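>>> next come a sequence and a model predicted from it.
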Amino acid sequence: MTILVTGATGNVGRHVVEELLSGGHRVRALTRAPAGAGLPHGVEVATGDLAVVDSLAPALEGVTAVHLITFDAGDGAALRTGPQIARLATKAGVGHVTMLWSGEPGPVEEAVAAEGLPWTTLQPQEFMSNALLWTGSVRAEGVVREPFGATHSAMIHEADIGAVAARTLTEDGHVGKEYVLTGPEVLDMPQKLAVLGEALGRDLRFVELTEQQARERMRRAGASQEAIDHVIGWYADPPKEAYTVTDTVERILGRPARTFAQWARENAEAFR
């Protein structure tokens, strides 16, 4: 069967692609910029944009399952094209949709359910790869600037998300399930920096931003107001799921979820 992976060049999507390929599955990867996608050999690359519905029909042709992101990869806002995507998937004969989301169900999740498509939701909390936003300031100053330093979260390794997505797309028993995905430990910001600093062999300093400073930084980076409100709201008052460790990764994959220390060692060169 052919599986379509949307968001295929993102931090999670690349791992979904790699996991499916390693399992011997045919993979079609959706990207807005195929020339610079840099995807592994053997992947069929399809040009398209989830926000531009007319571009999706060719990518869905002959597809039996879809890994679907539910937000615009450009500005982080929830996709508004859910009803059209769901109708196209039904018309193409898609038999299973795995949806990657965080927070309350949005237009895509609601449309997929209303269309009657078999679905699974993957609900990761904070991605470990978010720490890559710190590379510039860590390299230059040994400093990380963020708001809400006391906020605790059970960050999850993006490779674990990708592995769970691949399993749910290719194994029976996952339809209708809502999987909350976390790492194996709860950390606040100083603890995260201590772990990262140990991997780098240096001390890192935390500078806490005000909420307004954080909002302005995201605005300058091009985030939509909706995305800014979502991110700031999450860190200011995270849901219980964000700081409650689950065993979902271990139950589905048969091994423990990766730790932030593992992630830090794997990605240490990006901070040097």
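Yes, it's here. Numbering: from 1, shown residues only.

>>> only C-alpha atoms for contact and neighbour calcs from this point on.
Will do.

>>> all the strands of the chain, residue numbers only.
Taking DSSP state E to define them, one finds strands in the chain at 2-5, 26-31, 44-47, 63-69, 96-100, 119-124, 143-146, 178-181, 205-208.

>>> relative to residue 269, which of those strands is closest?
Counting by CA to CA, residue 269 lies closest to strand 143-146 out of the strands of the chain; the figure is 16.2 Å.

>>> pull the residues that contact the closest one.
Contacting residues not belonging to strand 143-146 are listed as 134, 137-138, 204-209, 214 [CA atoms under 8 Å, 6 or more residues apart in numbering].

>>> do the same with stretch 85-95
50, 53, 56-57, 60-66, 108, 111-112, 115, 117-118.

>>> again, only using 6 Å
Applying CA atoms under 6 Å, 6 or more residues apart in numbering, the set of residues contacting stretch 85-95 from outside is 61, 64-65, 112.

>>> mind listing what's buried in it?
In terms of neighbour count (16 or more other CA atoms under 10 Å), stretch 85-95 has its buried residues at 85-90, 92-94.

>>> now stretch 107-122
Buried-residue list, stretch 107-122, by 16+ other CA under 10 Å: 108-109, 111-113, 117-122.

>>> flag the shaky bits of the stretch 151-272 of the chain, pLDDT-wise.
By pLDDT under 70, the stretch 151-272 of the chain contains no weakly predicted segment.

>>> how about the helices in it?
158-170, 189-200, 211-220, 225-236, 248-253, 260-266 (DSSP state H, counting those that start in this stretch).

>>> give me the neighbour count for residue 269.
11 (other CA atoms under 10 Å).

>>> which ones are touching it?
Not one residue lies near residue 269 by CA under 6 Å, 6+ apart.

>>> state the distance from it to residue 65.
Applying CA to CA, to the nearest Å, the value for residue 269 to residue 65 is 36 Å.

>>> do residue 106 as well
Distance from residue 106 to residue 65, by CA to CA: 20 Å.

>>> the more surrounded of those two?
The neighbour comparison of residue 106 against residue 65 (other CA under 10 Å) goes to residue 65, with 24 against 16.

>>> was I right about the more buried one contacting residue 3?
Yes. With contact defined as CA atoms under 6 Å, residue 65 reaches residue 3; the gap is 4.9 Å.

>>> I figured residue 63 hits residue 2, correct?
Yes. Using CA under 6 Å, residue 63 is in contact with residue 2, at 5.0 Å.

>>> of these two, who's got more company?
Neighbour count, other CA under 10 Å: between residue 63 and residue 2, residue 63 has more, with 21 against 17.

>>> tell me the contacts of that one?
2-3.

>>> with residue 220 instead?
Taking CA under 6 Å, 6+ apart, one finds nothing in contact with residue 220.

>>> quick thing: my sequence starts at 250, can you match it?
With 250 as the first residue, the last one maps to residue 469.

>>> what residues sit buried inside stretch 301-320?
Judged by neighbour count using 16+ other CA under 10 Å, the buried positions of stretch 301-320 are 305, 308-310, 312-320.

>>> what is the nearest of those residues to residue 292?
Closest to residue 292, out of all of the buried residues of stretch 301-320 and judged by CA to CA, is residue 308, at 12.9 Å.

>>> any idea how far that closest one is from residue 349?
19 Å.

>>> ramachandran coordinates for residue 288?
When read as degrees, to the nearest 10, the backbone of residue 288 gives phi -90, psi 160.

>>> count the neighbours of residue 282 for me.
Residue 282 has 14 nearby residues by other CA under 10 Å.

>>> if you could redo that for residue 477, that was the one I meant.
Neighbours of residue 477 (other CA under 10 Å): 21.
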